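Colleague: sequence? don't have it. structure:
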């Protein structure tokens, strides 16, 4: 059910090395890098489940709540949109409309729940 977990870092290069070394012991390696270099996804294969490390997209400092996001695996882009729409109907707010990301490698729809937690409905491909 969970596609990937993401944590923010204020020292991205140091964190990338740390997690690269740590997760290698679990058989994980870098599987995807955001085109701007601001995020790296670790996993044992291309696709869920993965762990991501990110420089927060809004340019602010990372904290335990900024850069943290839970992604739920969808089967296809249509389900990404369906889950996004349902979350909005249930009271979530938009934090990024559904659509392709990472040069079309993935489809995502972002919401924040009523507590401000960031959620992503995610699938590979667009």
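Modeller: That came through, no problem. It should be emphasised that the depicted structure is a prediction, and the values quoted were computed from it without experimental measurement. Numbers count the residues shown, from 1 in each chain.
Colleague: quick one: what helix or strand has residue 17 in it?
Modeller: helix 12-24 (DSSP states H and E).
Colleague: please name every helix or strand in contact with the helix or strand following that helix.
Modeller: Taking DSSP H and E as the definition, the helix or strand that follows helix 12-24 towards the C-terminus is strand 29-33. Contact here means 3 or more CB pairs under 8 Å, 6 or more residues apart in numbering; DSSP states H and E; on that basis strand 29-33 packs against helix 12-24, strand 39-43. C-beta here means a position set from N, CA and C on the backbone, and glycine is covered the same way.
Colleague: deepest-packed of those, please.
Modeller: Across these, averaging neighbours per residue (mean count of other CB atoms under 10 Å) puts strand 39-43 on top, at a mean of 21.
Colleague: how far does stretch 111-120 sit from its chain's centre?
Modeller: 13 Å (CA atoms, centre = their mean, to the nearest Å).
Colleague: try stretch 94-102
Modeller: The answer for stretch 94-102 is 11 Å, by CA atoms, centre = their mean.
Colleague: state the mean pLDDT of that stretch.
Modeller: In this model, stretch 94-102 carries a mean pLDDT of 97.
Colleague: can you list contacts of it?
Modeller: 32, 34-35, 77, 80-81, 84, 88, 106-112, 118, 121, 126 (CB atoms under 8 Å, 6 or more residues apart in numbering).
Colleague: mind redoing it with 7 Å?
Modeller: 32, 34-35, 80-81, 84, 88, 107-112, 118, 126 (CB atoms under 7 Å, 6 or more residues apart in numbering).
Colleague: kindly report the same for stretch 1-9.
Modeller: By CB under 7 Å, 6+ apart, the list of residues contacting stretch 1-9 reads 15, 41, 48-56, 62, 66-73, 122.
Colleague: if we can go back for a sec, report the lowest-confidence entry in the contacts of stretch 94-102.
Modeller: residue 126 (88).
Colleague: and the strands in this protein?
Modeller: 2-8, 29-33, 39-43, 50-54, 69-73, 93-101, 106-112, 118-124 (DSSP state E).
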